[in-house]
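Enquirer: my questions concern the predicted model and sequence given below.
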Amino acid sequence: MADTHLNYIAGTWVPGEHLTENRNPSDISDLIGLYAAGSAGDVDRAAAAAAEAQPAWFAAGPQARADLLDRVASAIEARATDIGTLLAREEGKILPEAIAETRRAAQIFRFFAGEALRTPGEALASVRPRVDIEVTREPIGVVGLITPWNFPIAIPAWKIAPALAYGNTVVLKPAELVPASAHALTQILHDAGCPAGVFNLVMGPGSVVGRAMIENPHIAGISFTGSVPTGQMIARECGARLKKVQLEMGGKNPMVVMADADLPTAVAACLNGAFFSTGQRCTASSRLIVEDGIHDAFVEALARQMQALRVGPALAADSQIGPVASLAQLSSNLGYVDLASAEGCEVIGGARIDGPTEGFFQRPALFLGATNAMRVAREEIFGPCATVIRATDFDEAVALANDSPFGLSAGICTSGLRHAREFRRRARAGMVMVNLPTAGVDYHVPFGGTKGSSYGSREQGRHAVEFYTTVKTAYSFAG
Ligand SMILES: NC(=O)C1=CN([C@@H]2O[C@H](COP(=O)(O)OP(=O)(O)OC[C@H]3O[C@@H](n4cnc5c(N)ncnc54)[C@H](OP(=O)(O)O)[C@@H]3O)[C@@H](O)[C@H]2O)C=CC1
Ligand SMILES: O=C(O)CCC(=O)C(=O)O
């Protein structure tokens with residue numbers, strides 16, 4: 001019988017409405033565990049506990065908050081191999097990537113332990129005599145965090161850590177596909193001495209648990225990462241209730257390869273950006289915009305290296321690309337492979353393949369000869385598929401890169417300082433990479449995009465303070 005894992009409300013482990021199976025996408029016969037699926041009532045109890053705990057958590061002061069985050073960071077670091085293995089088992093990314101993601105979660109907690117002590121404020125002179133003005137930041141209260149399946153520990157970490165650092169309390173709903181990493185993180189918070197009610201975990205489907213979080217009056221703000229339609233719905237619903245909202249959604253990130261690029265650097269950046277983590281990154285290099293002068297040599301080298309990538313189980317030592325995270329995502333990816341052919345692309349790779357175990361394995365794919373108007377160039381696929389578009393020169397490449405409903409990350413491979421500088425200036429994206437993959441970001445700097453990719457203030461780094469605090473302006477007359 002598989003282990004049962006409960007929700008965590010008001011400092012206590014509690015059962016949900018029913019249990020759901022968490023299965024390994026590398027081997028669907030591997031049942032990782034049974035996880036509680038909560039109800040709207042569970043969300044209400046979690047939010048009430050969070051609301052009750054919040055004033056004391058803020059009043060405990062920055063040192064107490066920093067100390068907790070620091071202990072959590074150390075505990076994650078100490079268990080990075082165990083948690084990384086669990087993460088690889090439930091999400092399907094290969095073990096080194098899963099361990100690196102777990103370490104990144106530890107670094108994020110450590111970073112925000114420091115930020116708790118650096119909560120910014122200002123003192124200003126008033127226009128009136130003998131009046132002092134103090135501008136301070138206060139927590140927004142209870143925050144609801146709704147997270148996706150593709151970064152099962154790093155994304156919860158980069159929402160939980162700033163929320164707690166600035167004195168908020170939390171209700172977390174992880175994606176139903178990947179409850180185990182969030183559950184392990186919750187155990188760490190509990191063991192690290194997180195006061196009852198300060199952090200609550202309610203697992204279960206978005207349509208029930210997520211919906212109840214949006215509707216709960218104790219929850220003052222929602223930070224969400226996931227798909228555009230869900231994000232738009234959350235923005236509408238939060239807007240109607242005057243809740244604060246922060247959304248990180250999709251990308252269709254361009255990587256421009258100029259004729260003057262160093263070919264091995266460009267191929268390595270595109271291979272990593274497009275296919276690592278099975279392409280399941282909102283920052284994936286999913287549009288490769290290649291200047292005529294290097295197009296054929298680039299495509300030949302990239303296709304050769306792509307076809308040599310070893311696709312296999314997440315925990316197998318020689319796998320370079322793990323399985324797709326779910327059957328639904330695999331079916332969607334295969335639909336896009338068919339669509340690429342139907343739209344007139346030459347397709348290399350992309351087929352479902354058998355692995356040593358029954359899992360959702362797919363060969364990475366290149367869609368050649370695409371135009372930027374095709375659906376495969378406009379819609380986020382979220383799988384190991386990259387669309388290749390030709391450009392005649394730099395200006396056309398920049399125009400193609402910017403012609404997208406998304407604006408998360410944009411990259412250029414070039415050896416020319418002028419092109420690099422111009423691209424950094426002209427790219428309509430929240431993050432710009434030069435001679436680096438569009439994916440794979442640092443943990444201490446702002447993360448987010450423009451257009452359909454993001455809404456609200458930036459996540460991560462010092463900029464996280466914008467979402468997780470509200471500004472108070474205090475005037476004092478001392479007589
Ligand atoms: N930007 C990114 O990092 C990500 C982008 N995506 C994109 O989204 C596509 C679909 O992925 P999917 O997992 O379905 O993304 P969703 O947007 O459906 O899920 C993201 C989170 O929102 C929750 N959710 C779903 N429906 C609701 C709702 N009605 N109210 C409140 N919360 C809800 C989900 O819960 P639950 O899963 O439990 O139902 C999950 O926790 C991918 O193919 C990809 O294109 C997906 C993941 C991450
Ligand atoms: O590229 C990265 O490092 C982060 C990507 C990410 O946050 C996402 O895909 O949701």
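Expert: That came in fine, so what should we check first? Residues are numbered from 1 along each chain as shown. Ligands and ions are numbered 1, 2, ... in the order given.
Enquirer: quick one, helices of the stretch 101-250 of the chain?
Expert: Under the criterion DSSP state H, counting those that start in this stretch, helices of the stretch 101-250 of the chain are mapped to 154-165, 179-191, 211-215, 228-240.
Enquirer: okay, the ones you listed in TSV with mean pLDDT, mean neighbour count and distance to residue 115 next?
Expert: In short, each C-beta sits where N, CA and C put it, glycine included. Formatted as TSV, the helices of the stretch 101-250 of the chain follow (pLDDT from 0 to 100; neighbours: other CB atoms under 10 Å; distance: least, CB to CB, whole Å):
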stretch	mean pLDDT	mean neighbour count	distance to residue 115
helix 154-165	98	28	5
helix 179-191	98	23	18
helix 211-215	98	21	25
helix 228-240	98	16	25
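Enquirer: a markdown table for those helices, including distance to residue 36?
Expert: Formatted as a markdown table, the entries for the helices of the stretch 101-250 of the chain read as follows, by distance: least, CB to CB, whole Å:
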| stretch | distance to residue 36 |
| --- | --- |
| helix 154-165 | 17 |
| helix 179-191 | 8 |
| helix 211-215 | 15 |
| helix 228-240 | 22 |
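Enquirer: near ligand 1, which residues of the stretch 1-150 of the chain?
Expert: Counting by CB under 6 Å from any ligand atom, the residues of the stretch 1-150 of the chain lying close to ligand 1 are 146-150.
Enquirer: out of the helices of the stretch 101-250 of the chain, which is closest to residue 398?
Expert: Using CB to CB as the criterion, the shortest distance between residue 398 and the helices of the stretch 101-250 of the chain is 24.0 Å, found for helix 228-240.
Enquirer: check which helix or strand residue 329 maps to.
Expert: Using DSSP states H and E, the element containing residue 329 is helix 327-342.
Enquirer: what strands flank the next helix-or-strand element following that helix, and is each parallel or antiparallel?
Expert: Tracing the chain C-terminally past helix 327-342 and defining elements by DSSP H and E, one meets strand 346-349 next. Sheet pairing here is set by DSSP bridges, and for strand 346-349 it gives strand 365-370 (antiparallel).
Enquirer: what does the strand it pairs with contact?
Expert: For strand 365-370, the surrounding residues in contact (CB atoms under 8 Å, 6 or more residues apart in numbering) are 299, 302-303, 306, 337, 340, 343-350, 376-377, 384-390.
Enquirer: if we can go back for a sec, from the residues of the stretch 1-150 of the chain next to ligand 1, which is closest to ligand 2?
Expert: Using CB to the nearest ligand atom, residue 150 comes nearest to ligand 2 of those, at 5.2 Å.
Enquirer: state the distance from the closest one to residue 373.
Expert: Using CB to CB, to the nearest Å, one gets 27 Å for the distance from residue 150 to residue 373.
Enquirer: and these two? which has more neighbours close in?
Expert: Here residue 150 and residue 373 are set side by side on neighbour count (other CB atoms under 10 Å), and the busier one is residue 150, at 26 against 10.
Enquirer: what's in contact with stretch 80-91?
Expert: Counting contacts by CB under 8 Å, 6+ apart, the residues outside stretch 80-91 that touch it are 22, 24-26, 30, 32, 76, 93-95, 97-103, 106, 149-150, 152-153, 177-181, 184-185, 314-315, 322, 325.
Enquirer: out of the residues of the stretch 1-150 of the chain next to ligand 1, which two sit at the greatest distance?
Expert: Going by CB to CB, the two entries of these that are most distant from one another are 146 and 150, at 13.6 Å.
Enquirer: just the buried residues of the contacts of strand 365-370.
Expert: Neighbour counting with 16 or more other CB atoms under 10 Å marks 299, 302-303, 306, 337, 340, 343, 345, 347-350, 376-377, 384-390 as buried within the contacts of strand 365-370.
Enquirer: residues contacting the residue nearest to the spatial centre of the chain?
Expert: Per CA atoms, centre = their mean, the C-alpha nearest to the average position across the chain is that of residue 155, at 4.8 Å. Contacts for residue 155 (CB under 8 Å, 6+ apart) come out as 147-148, 225.
Enquirer: among those, which are in reach of ligand 2?
Expert: Within the set of those, contact with ligand 2 (CB under 6 Å from any ligand atom) is found for residue 225.
Enquirer: now the contacts of residue 155 as JSON lines including distance to residue 141, neighbour count and pLDDT?
Expert: Formatted as JSON lines, the entries for the contacts of residue 155 read as follows, by distance: CB to CB, whole Å; neighbours: other CB atoms under 10 Å; pLDDT from 0 to 100:
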{"residue": "147", "distance to residue 141": "19", "neighbour count": "27", "pLDDT": "98"}
{"residue": "148", "distance to residue 141": "24", "neighbour count": "24", "pLDDT": "98"}
{"residue": "225", "distance to residue 141": "21", "neighbour count": "25", "pLDDT": "98"}
